[in-house]
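# quick one: sequence and predicted model below, then my questions.
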Amino acid sequence: MAKSTPASNATKKSVAKKSVTKVAKKAAPPKKKKEAKPEKQERSVNRKYADKSAGQPDMLDIFEAIKKLMLPYDKKRGLVMHMGTSGQANLVSHKPVVIAGRPRKELWFVSALVQKGYVGFYYMPIYMNDPMKKLFSPEFIKCLKGKACFHIKKNDPAIMAEIKKAIQIGYAAYEKRGWL
């Protein structure tokens, strides 16, 4: 029988020790992670629009007036009116189109949304066509905040006439591009 040398014994022990260590690491329970602090709960944004306009009852009248201007376009050449219970109305085209090489299943046209101090009139045709601003009155353009959102704060007949005009112009532009 061959005798093992002290050097070979040391090698066998270290190999055995490494394999035991690997097994022990696999069997050891995982370290507990520090519990994350609970995130602050955000206030609910999905309240009914009657609650959002507390102190400003004319917001409901403005919303209803804009919605009334949008209704004639419901189910007209592919536009569909979507209305939520939270003071929101949207006209959306569900015709698949390709814009700038990107396919789209739907295309938003106009929306109205009751906010706390105003009614947002979201007008997508102006977003893509900046020169279109020249077609509207300076009073209406003053309501434009950002690229496509008009903040309507007063139930002004002149502003409502501009919204009606905007919807007509936008509809013609979408139709001309073949998006309806």
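On my side now, so go ahead.
# CA only for contacts and neighbour counts going forward, please
OK.
# top strand in the protein by residue count?
Of all the elements of type strand in the chain, the one with the most residues (DSSP state E) is strand 107-114.
# pull out the CA atoms of the next helix or strand after that one and give them to me as CSV.
Scanning forward in sequence from strand 107-114, with DSSP states H and E defining helices and strands, the next element found is strand 119-123. Output of strand 119-123 as CSV, limited to C-alpha atoms (Å, rounded to 0.1, in the frame of the first residue of the first chain):
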residue,chain,number,x,y,z
VAL,A,119,-60.9,72.9,-17.7
GLY,A,120,-58.1,71.4,-19.8
PHE,A,121,-58.8,71.4,-23.5
TYR,A,122,-56.2,69.1,-25.1
TYR,A,123,-55.9,69.8,-28.8
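# this protein: helices as residue ranges?
With DSSP state H applied, the chain shows helices at 6-27, 49-52, 58-70, 124-127, 138-142, 157-176, listed in chain order.
# ranking the ones you listed by mean pLDDT, which is last?
When those are compared by mean pLDDT, helix 49-52 comes last with a mean of 49.
# gap between residue 99 and residue 113?
In this view, residue 99 and residue 113 are 26 Å apart by CA to CA, to the nearest Å.
# ok, residue 147 next?
Distance from residue 147 to residue 113, by CA to CA: 16 Å.
# for the two, work out which one has more neighbours and name it.
The residue with more neighbours, out of residue 147 and residue 113 and counting by other CA atoms under 10 Å, is residue 113; that gives 23 against 14.
# for the nearest residue to that one once chain neighbours are set aside, give its distance to residue 158.
The spatially closest residue to residue 113, leaving aside those adjacent along the chain, is residue 88, at 4.5 Å (CA to CA, 6 or more residues apart in numbering). Residue 88 sits 22 Å away from residue 158, going by CA to CA.
# higher neighbour count, those two?
For the pair residue 88 and residue 158, the greater number of neighbours falls to residue 88 (19 against 12), based on other CA under 10 Å.
# look up how far residue 87 lies from residue 149.
As judged by CA to CA, residue 149 and residue 87 stand 16 Å apart.
# could you do residue 123 as well?
With the distance defined as CA to CA, residue 123 ends up 17 Å from residue 87.
# next: residue 145.
Here the distance between residue 145 and residue 87 works out to 20 Å (CA to CA).
# go on, residue 65?
Distance from residue 65 to residue 87, by CA to CA: 12 Å.
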